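S.K.: Structure for the following, please:
(4 chains)
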Number of protein chains: 4
Amino acid sequence: MSGNTFGRAFCVTTFGESHGGAVGAVVDGCPAGLQLSVADLQRDLDRRRPGQSALTTARQEADRVQIVSGLVDGITLGTPLCMWVGNTDARPTDYRADAAIFRPSHADATTQAKYGRRAPSGGGRASARETLARVAAGAVAKALLRQQCGTEVLALVTQVHTCIAPYDLTDSTVVARLDAAEIEAQTLRCPDARVAAEMEAIIAAAKAAGDSVGGVIAGVARGVPAGWGEPVFDKLEADLGRALLSIPACKGFEVG
Amino acid sequence: MSGNTFGRAFCVTTFGESHGGAVGAVVDGCPAGLQLSVADLQRDLDRRRPGQSALTTARQEADRVQIVSGLVDGITLGTPLCMWVGNTDARPTDYRADAAIFRPSHADATTQAKYGRRAPSGGGRASARETLARVAAGAVAKALLRQQCGTEVLALVTQVHTCIAPYDLTDSTVVARLDAAEIEAQTLRCPDARVAAEMEAIIAAAKAAGDSVGGVIAGVARGVPAGWGEPVFDKLEADLGRALLSIPACKGFEVG
Amino acid sequence: MSGNTFGRAFCVTTFGESHGGAVGAVVDGCPAGLQLSVADLQRDLDRRRPGQSALTTARQEADRVQIVSGLVDGITLGTPLCMWVGNTDARPTDYRADAAIFRPSHADATTQAKYGRRAPSGGGRASARETLARVAAGAVAKALLRQQCGTEVLALVTQVHTCIAPYDLTDSTVVARLDAAEIEAQTLRCPDARVAAEMEAIIAAAKAAGDSVGGVIAGVARGVPAGWGEPVFDKLEADLGRALLSIPACKGFEVG
Amino acid sequence: MSGNTFGRAFCVTTFGESHGGAVGAVVDGCPAGLQLSVADLQRDLDRRRPGQSALTTARQEADRVQIVSGLVDGITLGTPLCMWVGNTDARPTDYRADAAIFRPSHADATTQAKYGRRAPSGGGRASARETLARVAAGAVAKALLRQQCGTEVLALVTQVHTCIAPYDLTDSTVVARLDAAEIEAQTLRCPDARVAAEMEAIIAAAKAAGDSVGGVIAGVARGVPAGWGEPVFDKLEADLGRALLSIPACKGFEVG
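M.R.: Have a look, this model is predicted:
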């Protein structure tokens, strides 16, 4: 393999360039009997979509997902699920200059050095658009965790540049009180509206200055049974760290 | 993983049920810089198609393949190639009785026992239609072998029931004289026209009697460099044997 | 990996050259709670040992196996089992001529071409001595199958050159009557004493003429539950075929 | 597999319980032709050994490594390297109380929950003693990187509790000036002797108070060619993060 597959029991392979025909994923190992719908996937893809607010990149992409295998009458068969989004927004001319100029801090130069060629526009596989396939596969994983294990995974923004949200997530009562709807209600996914507003102001100021700022996302899992993960190299924190550190903009991971 | 992936360096994952939305494959590990076209794939898919002759199953499926990732301007990028065929022939009602009755010598009963459910028609993943995805991936492999290694793979039918074609494939001059066009010219892929006619008569007679007969396919590779395959478990003959024995109707494999 | 590992759930990695320090295996994925002893492994290693009869190669190797991890008080821990046999018989000078001359029909020339070097004597990894590690791992698998699934695997020699033993193994009553002790009682592992004697005579004659003959081994599994194997590439027959075809002298595999 | 294997091209499988017969590793995929000696491995194992100073756990373990396969005359064969250390220090009675009492912040309780049993003493696979096998495999990797790529990997302690060593490792001239011998000269592996002394005092004070403190280790790689790592899930930082986060005491990873 060449780095496009993640996981063994629940095995995700992603495919697709930013400006190619489609971006998608094959999930192999999802058990039979799971309830799943295109709407489950579309909901998370809509959450991911750039252009929801003035804060992120302004492209408006209407990503309509299809599930073309592994599902009959809304129930999984235990066979590979193939899901994809056609690239209606493929505008190869838009980025035409990319073919000649390497964008700083993108993978353009590395890709050219490693493969001797690269997608002529849009960053190819190194585009953040590849994460769309992960979101679709993640929606399947969420359905599996919820239906078969009663496990729920939440994430929230806890820091933007110097602004830190007041959540002590080592305190189990704080974790228990987190509310998915409150997180979703904020564009920035920080459930404290006042802090979220402050974070948005910091981002807007950086953007106005032609700059960007870093941040911290906290992930919380509720209802995790004892014994998940494997003892030595595949510890749960090792696999989670690997997954997150493979996202282009993620530069650090801490646990506990 | 759950058995839908084959290979490590050139890694093929297939997806799709016989009567679902699409059947296809993701090839990960195909190098950058290979010339490849939809026509290369379509040619082999057309060769595979049932209904070319009176000898095989009579369904006429117009399988049009698409390549939706990994390829720009007819050259591979080194990223995953996703190829698929939409199931225009999906007729779930056609096989409706399958839902209730297990067809003998099909995987229906085993699938039901293992997963607790199965595709309501067409045999799902156990359908020979799954091999369509292998043919598409195989066409990529053939292009790779030809362009980068000068290796050519041929196959011919050497036996049908008691009729044996007169080819001694342990004789290198016989192997050198095999001609792909001559093989293709015969519906049955036995290049000796007289023997092929005899084989067709045997099949037709068995079919008329409501029966079927077995046969032998010989594969020949020309231009194989020394050292392919890995020394212990992944010997070339072990991997070839595994690949062929995973085809539903293949029940034996011999080498040398 | 490089071909020295087999299996995913029950994963066997073998190591060791014919004339190196040790030959052994690591079994990862054997469940906790299995009863296992060094004697279980030694019994099968003794069955494998050359020099038991006048029929096979004459070396007498006293292969004493050790289990150095994964086992406490005769019960598996669910951690990797490492088992090995020290090469007390390592006699590098014995085969010294090998360093200069490639033995016909051995992997010497291929190994030299692929790696640019090879073990100076004894055939290295390509030696049949590597199968010693498989026998040890197989003894663990047999214990697992017997204790957790009630499955039993037998094998018998059914053909030597032109002599065919009279067992119709497609007949389930014949399979049910096979007796492991009767098979073991014959050096040649053909339970029909008269046929076994004939086979031995054929082998002795070939040996006297400086030749060797081929044969057929039939494997029988009793008590196999429905649903083993995976649907597409990892069908049970495909995995069995791969395993057997990776044994140096095995050149064919048939099922059913 | 069950989490005891790391890597694909250079594939490391570790085995052995803290108080079992041996702890070791099989490295599959190390190329042929590498110069390697037991002394190369022993040097790094000696660096790892507890009891070198008053600061770490006081056990004195004389870990003598053996290489029993894959190596002839100090040159690798390209076959699996099996390396192990016998547990001369195995004292099952020493930790006998463990069998009844779960030690806090160890994996005892999780192991018992997951497998239904565990090694009766010493923590089994979850013991830090498992890292001994990683150190041996790492010594092979270091030889490979040095001999075939000219790549060098260093690590130094840059923080203990609140004490931060004054190294700006984003400054390439600072990285270029780092000296392996200076790092080794300090028990604490912080090359600034004055800061190292301060760190040692902090650790000694915590130890005297029956406590422990956290720290930061910085890893530096010099001479890394462009293009290492795979584009999507197997990015170099993702694989490094996974490797480090699988070490029991490691709780965070940052890159760049």
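
S.K.: can you tell if the lowest-mean-pLDDT helix or strand in chain A touches chain D?
M.R.: Least confident helix or strand, chain A: helix A:108-115 with a mean of 80, by mean pLDDT, DSSP states H and E. Yes. For a cut-off given as CB under 8 Å from any CB of the partner chain, helix A:108-115 has contacts with chain D, namely A:109-111, A:113-114. The C-beta positions use only the backbone N, C-alpha and C, and glycine is treated the same way.

S.K.: Tell me which other helices or strands the lengthiest helix in chain A touches.
M.R.: Identified as the longest helix of chain A according to DSSP state H is helix A:193-208. Counting by 3 or more CB pairs under 8 Å, 6 or more residues apart in numbering or on different chains; DSSP states H and E, the packing neighbours recorded for helix A:193-208 are strand A:152-160, strand A:163-164.

S.K.: Please name whichever of those is nearest to chain C.
M.R.: strand A:152-160 (26.4 Å; CB to the nearest CB).

S.K.: by contact count, what packs against that closest one?
M.R.: Looks like strand A:152-160 contacts helix A:180-185, helix A:193-208, strand A:215-222 (3+ CB pairs under 8 Å, 6+ apart).

S.K.: Tabulate the CA atom coordinates of the first one in CSV.
M.R.: Coordinates of each C-alpha in helix A:180-185 appear next as CSV, following Å, rounded to 0.1, in the frame of the first residue of the first chain:
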residue,chain,number,x,y,z
ALA,A,180,-23.4,18.5,21.0
ALA,A,181,-26.2,20.9,20.0
GLU,A,182,-24.5,23.7,21.9
ILE,A,183,-21.2,23.1,20.1
GLU,A,184,-22.9,22.9,16.7
ALA,A,185,-24.8,26.2,17.4
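
S.K.: Mind listing what's buried along it?
M.R.: For helix A:180-185, the neighbour count (16 or more other CB atoms under 10 Å in any protein chain shown) marks residue A:183 as buried.

S.K.: about what we covered before: list the buried residues of the longest helix of chain A.
M.R.: A:195-196, A:198-200, A:203.

S.K.: now those as JSON lines including pLDDT?
M.R.: JSON lines is the format used below for the buried residues of helix A:193-208 (pLDDT from 0 to 100):
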{"residue": "A:195", "pLDDT": "97"}
{"residue": "A:196", "pLDDT": "96"}
{"residue": "A:198", "pLDDT": "97"}
{"residue": "A:199", "pLDDT": "97"}
{"residue": "A:200", "pLDDT": "96"}
{"residue": "A:203", "pLDDT": "96"}
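
S.K.: so which two of those are the farthest from each other?
M.R.: The span of the buried residues of helix A:193-208, defined through CB to CB, is set by A:195 and A:203 at 12.8 Å.

S.K.: which SS class is the closest residue to residue A:170 other than its chain neighbours?
M.R.: For residue A:170, ignoring the flanking residues on the chain, the nearest one in space by CB to CB, 6 or more residues apart in numbering or on different chains is residue A:256 at 7.8 Å. Look at residue A:256: counting by DSSP: H, G, I helix; E, B strand; the rest coil, its state is coil.

S.K.: Please give the element, helix or strand, for residue A:253.
M.R.: Using DSSP states H and E, residue A:253 maps to strand A:252-254.

S.K.: Given that strand, what are its sheet partners and their directions?
M.R.: Sheet pairing here is set by DSSP bridges, and for strand A:252-254 it gives strand D:252-254 (antiparallel).

S.K.: Run through who's touching the partner strand.
M.R.: For strand D:252-254, contacts defined as CB atoms under 8 Å, 6 or more residues apart in numbering or on different chains pick out A:241, A:245, A:251-255, D:240-241, D:244-245.

S.K.: Does residue A:116 touch residue B:32 like I think?
M.R.: Yes. Counting by CB atoms under 8 Å, residue A:116 does reach residue B:32; the two are 5.9 Å apart.

S.K.: Tell me which of those two has more neighbours.
M.R.: Counted by other CB atoms under 10 Å in any protein chain shown, residue A:116 and residue B:32 do not tie: residue B:32 has more neighbours, with 16 against 11.

S.K.: Near the nearest residue to residue A:123 once chain neighbours are set aside, how many residues? Count them for me, please.
M.R.: Nearest residue to residue A:123, sequence neighbours excluded (CB to CB, 6+ apart): residue A:18, at 5.2 Å. If you count neighbours by other CB under 10 Å, residue A:18 ends up with 21.

S.K.: now swap in the one 10 residues further on and tell me
M.R.: Per other CB under 10 Å, the neighbour tally for residue A:28 reads 28.

S.K.: what's the answer for residue A:249, then?
M.R.: For residue A:249, the neighbour count with other CB under 10 Å is 10.

S.K.: Could you pull up the contacting residues of the residue nearest to residue A:170?
M.R.: For residue A:256, the contacting residues are A:170, A:237, D:251, by CB under 8 Å, 6+ apart.

S.K.: Then residue A:183?
M.R.: Applying CB under 8 Å, 6+ apart, the residues contacting residue A:183 are A:154-156, A:189-191.

S.K.: let's go with 10 Å and repeat that
M.R.: Contacts for residue A:183 (CB atoms under 10 Å, 6 or more residues apart in numbering or on different chains) come out as A:154-157, A:189-191, A:196.

S.K.: tell me the contacts of the residue in the stretch 101-250 of chain A that chain C sits nearest to?
M.R.: In the stretch 101-250 of chain A, the residue that lies nearest chain C is residue A:231 (7.4 Å; CB to the nearest CB). Going by CB under 10 Å, 6+ apart, residue A:231 touches C:78-79, D:2-4, D:107, D:110-111, D:114-115, D:124-126, D:130, D:246, D:248.

S.K.: that's a strand at it, yeah?
M.R.: No. Counting by three-state DSSP, residue A:231 is not part of a strand but coil.

S.K.: how many other residues sit next to the residue nearest to residue A:2 when sequence neighbours are not counted?
M.R.: Spatial nearest neighbour of residue A:2, chain neighbours left out: residue B:29 (4.7 Å); criterion: CB to CB, 6+ apart. Residue B:29 sits with 18 neighbouring residues when counted by other CB under 10 Å.

S.K.: Backbone dihedrals for residue B:29, please?
M.R.: Here is the backbone geometry of residue B:29 (degrees, to the nearest 10): phi 110, psi 0.

S.K.: Assign residue A:24 to helix, strand or coil.
M.R.: Classified using three-state DSSP, residue A:24 is strand.

S.K.: gap between the two ends of stretch A:149-167?
M.R.: Counting by CA to CA, to the nearest Å, you get 26 Å between the two ends of stretch A:149-167.

S.K.: for that stretch, which positions count as buried?
M.R.: Neighbour counts using 16+ other CB under 10 Å place A:151, A:153-154, A:156-160, A:163, A:165, A:167 of stretch A:149-167 among the buried residues.

S.K.: how many other residues sit next to the residue in the stretch 151-256 of chain A positioned nearest to chain D?
M.R.: At 2.6 Å from chain D, residue A:230 is the closest residue in the stretch 151-256 of chain A, using CB to the nearest CB. Using other CB under 10 Å, the number of residues around residue A:230 comes to 20.

S.K.: do the one 10 residues further on as well
M.R.: For residue A:240, the tally of surrounding residues (other CB under 10 Å) stands at 18.

S.K.: residues in contact with it?
M.R.: By CB under 10 Å, 6+ apart, the residues touching residue A:240 are A:219, A:221, A:229, A:253, A:255, D:241-242, D:245.
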